[in-house]
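In: no letters, just coordinates:
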């Protein structure tokens, strides 16, 4: 059974004047970016069945704005403390715990983890221009879409086909 993995960097967040990175919130632009991602998911018939989110405020808010657009189709987000500042190996472990009944998973996380994980997963059969763009830059609300044919528990490296890399500006 083919599965879809969506790896999303949170939308644009403001600076923390208190120095508390974990509590940073989305800017107005970030809220609009998250809504654009939600519209792209709907337009691409790529609505997640499960969403796993870093427990940081900006990722939770990104999930909320996407869910607002998805409406009744939006799954309840699951918060996971391991995602905040998680390494590619930690993020991959989170993916490996996904129930096999889930065919489309959305992971909302942070740089550099989203990029490092995605580079680790990208197979040789991936869409070349998307892989190059993803490797070069990953702006806020950047989204990588992967297709995979193996069980979530076996996902490890070079075993997911990158089909798209979209940014908020191109996700309208």
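Out: The structure has been received and is ready for your questions. Because the structure is a prediction, the values reported are computed rather than measured.
In: tell me how many other residues crowd residue 21.
Out: Neighbours of residue 21 under the rule other C-beta atoms under 10 Å: 15. Quick note: C-beta positions are derived from backbone N, CA and C, even for glycine.
In: let's number from 636 now, not from 1
Out: From this message on, residue numbering opens at 636, which makes the last subject residue 656.
In: dump the residue contacts of it.
Out: Shown here is residue 656, whose contacts under the criterion C-beta atoms under 8 Å, 6 or more residues apart in numbering are residue 691.
In: that one and residue 745: what is the separation?
Out: 9 Å (C-beta to C-beta, to the nearest Å).
In: who touches both of the two?
Out: Both residue 656 and residue 745 are contacted by residue 691, under the criterion C-beta under 8 Å, 6+ apart.
In: where along the chain do the helices fall?
Out: Secondary structure of the chain (DSSP state H): helices at 663-678, 692-705, 723-731, 748-756, 763-771.
In: buried ones in stretch 730-741?
Out: When burial is assessed from 16 or more other C-beta atoms under 10 Å, stretch 730-741 yields the following buried residues: 730, 733, 737, 739-741.
In: residues making contact with it?
Out: By C-beta under 8 Å, 6+ apart, the list of residues contacting stretch 730-741 from outside reads 636-641, 643, 676, 681-687, 701, 742, 786-790.
In: residue 649: which of the buried residues of stretch 730-741 is nearest?
Out: Nearest to residue 649 out of the buried residues of stretch 730-741 is residue 741 (C-beta to C-beta; 23.2 Å).
In: residue contacts, the residue lying closest to that closest one once chain neighbours are set aside?
Out: The shortest distance from residue 741 to any non-neighbouring residue, by C-beta to C-beta, 6 or more residues apart in numbering, is to residue 683 (3.8 Å). Applying C-beta under 8 Å, 6+ apart, we find residue 683 in contact with 641, 676, 710, 739-741.
In: which ones among those residues map onto strands?
Out: Using DSSP state E, the members of the contacts of residue 683 that fall within strands are 641, 739-741.
In: out of the residues you listed, which is nearest to residue 802?
Out: Proximity of these to residue 802 (C-beta to C-beta) peaks at residue 641, which lies at 13.8 Å.
In: the closest one against residue 778, yeah?
Out: Yes. With contact taken as C-beta atoms under 8 Å, residue 641 and residue 778 are classed as touching, separated by 6.2 Å.
In: more crowded one of the two?
Out: Comparing residue 641 with residue 778 by neighbour count (other C-beta under 10 Å), the higher total belongs to residue 778, at 26 against 21.
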